[in-house]
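Visitor: My questions concern the predicted model and sequence given below.
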Amino acid sequence: MSVANPSLTAEALGLEFRALLEAEPGPKGREKVRDRLKQALTDPSFVAQYLREDTGEREILYEDAKLGFCILAHNYKGAKDSPPHDHGPSWAIYGQARGETAMNDYQLLEPATESTPGKVRKTRTYALTPGIAHVYNEGDLHSPHRAGPTSLIRIEGTNMEKVRRLKYQAV
């Protein structure tokens, strides 16, 4: 377990992530970002600073001006489910800070179009618990289920508020 580091900020972490992604673009660099995020999730000061009681369900903590990735805080006060989705042309890393998320992975059966949801089949379910972080590369289909309060730090390869995504339906 790491020692509390009150000087660790989202901006400092973002600059570390940028250096890792510039040194090794693609999935290998994302794995290194995930490993660094896991360290940050074990820092009680960092978690307390960015995942407060008044933190909302989606707050951008840092948006990298050069590479475009974002660090977000998510604080869910109760149960919450999301439908199967990918991150369009982007990637994401989910890092659990508090609570537990049951994450489902899916296999694509039929591609989505603008007018018709794609069809997917669940292939596995696994737990994201505090200190665990997982990379979802482009096209990786998944859906989180939260049975109670949870908090996480998520990195998006680009700000997903600006990306139109297709819908998927589990069959």
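Guide: Structure's in. What do you need? Residues are numbered from 1 along each chain as shown.
Visitor: quick one: low-confidence ranges for the chain?
Guide: 1-6 (pLDDT under 70).
Visitor: now the strands: where do they sit in it?
Guide: 59-63, 70-76, 80-81, 92-98, 101-110, 118-128, 133-136, 141-146, 150-156, 168-170 (DSSP state E).
Visitor: Residue 159 touches residue 68, doesn't it?
Guide: Yes. Counting by Cβ atoms under 8 Å, residue 68 is a contact partner of residue 159 at 7.2 Å. No exception for glycine: its C-beta is placed from N, CA and C like everyone else's.
Visitor: give me the number of residues near residue 14?
Guide: Neighbours of residue 14 under the rule other Cβ atoms under 10 Å: 20.
Visitor: All further residue positions should be reported with the first residue as 17.
Guide: Yes, from this point I'll number from 17; that puts the last item at residue 30.
Visitor: In TSV, list the strands of the chain along with mean neighbour count and distance to residue 31.
Guide: Compiled in TSV, the strands of the chain are given as follows (neighbours: other Cβ atoms under 10 Å; distance: least, Cβ to Cβ, whole Å):
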stretch	mean neighbour count	distance to residue 31
strand 75-79	17	9
strand 86-92	22	11
strand 96-97	14	31
strand 108-114	23	16
strand 117-126	17	27
strand 134-144	15	25
strand 149-152	20	18
strand 157-162	19	28
strand 166-172	23	13
strand 184-186	17	34
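Visitor: Next up, the contacts around residue 179.
Guide: Residue 179 makes contact with 103, 104, 105, 106, according to Cβ atoms under 8 Å, 6 or more residues apart in numbering.
Visitor: Tell me which of the strands of the chain lies nearest to residue 37.
Guide: The minimum distance between residue 37 and the strands of the chain falls on strand 166-172, with 9.8 Å, by Cβ to Cβ.
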